[in-house]
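Asker: Turn this into a model:
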Amino acid sequence: PPHFRAKTKLHYGSHQECQYLLSGYGIPRKALPFTVPDNEIDLTYHRHWFQQCIQKEQELPIVLPTSSARFDRNGESLPCTPNDNDVLCIGRRFNSVGNDRLLSMAQFHGELYASGSQTDRRAIIDGMIEQVRNHSGRFLKLKNKSKSDEGDVWVELEEKETLQKVQQMFRNLKRK
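Answerer: Numbering: from 1, shown residues only. The predicted structure is shown next:
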């Protein structure tokens, strides 16, 4: 699959030289499957390392591109279905994982944001937006409330609107 990238670098020299070079990449000596005196192969550590790599890959979030909004020919954002990690921008408090995560980030960075310069504030907001997106989240708004059984229509916010919503969150926290 295209999301797998193999990185290979060959190391030449004696067994001890290879161990020294590989330790520079964080690979411990016991990770090498060969022993010098008897040239036996021991894959115990390698199998353990491989299982850890598989577990780490399964825990990684799906990363969306920074401009994940999809627009039609008129420049209108296309409807989408919210997931748990999305930040739902609606007038009332909404309990979702994405909203709670954004609120906790805002509370964590609140003092730094309040005392920071414009550049610092923008860096904090950009970092928070990126963190939401790194957890497969988007910033969505309710386009129109449906009166039929089809459900509500959600669309992704444009970048400018997203910045304004996060700035407003900090102002709301300041008032409390």
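
Asker: Sheet-wise, list the partners of the longest strand seen in the chain with their directions.
Answerer: Determined from DSSP state E, the single longest strand within the chain is strand 139-144. Within its sheet, and counting by DSSP bridges, strand 139-144 is paired with strand 87-89 (parallel), strand 153-156 (antiparallel).

Asker: List of residues touching the lengthiest helix in the chain?
Answerer: Criterion DSSP state H: the longest helix present in the chain is helix 97-115. Here helix 97-115 makes contact (C-beta atoms under 8 Å, 6 or more residues apart in numbering) with 84-88, 93, 120-121, 124, 128, 131-132, 135, 137, 166, 169-170, 173-174. Backbone N, C-alpha and C define where each C-beta goes, glycine included.

Asker: so where do the helices sit in the chain?
Answerer: 15-23, 44-59, 97-115, 118-134, 159-175.

Asker: The fourth one vs strand 139-144, what angle?
Answerer: Okay, so that is helix 118-134. 70 degrees (axes from the mean of the first three to the mean of the last three C-alpha atoms, to 10 degrees).

Asker: what's the distance between K160 and K9?
Answerer: Between K160 and K9 the distance is 44 Å, computed by C-beta to C-beta, to the nearest Å.

Asker: I'd like to check the angle between the longest strand of the chain and helix 159-175, please.
Answerer: Put simply, strand 139-144 runs at 100 degrees to helix 159-175, going by the same axes, to 10 degrees.

Asker: quick revisit: just send the helices of the chain back as TSV, with mean neighbour count too.
Answerer: TSV is the format used below for these (neighbours: other C-beta atoms under 10 Å):
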stretch	mean neighbour count
helix 15-23	14
helix 44-59	10
helix 97-115	15
helix 118-134	16
helix 159-175	14
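
Asker: V153 is nearest to which of those helices?
Answerer: Shortest distance between V153 and these, using C-beta to C-beta, is found for helix 159-175: 16.2 Å.
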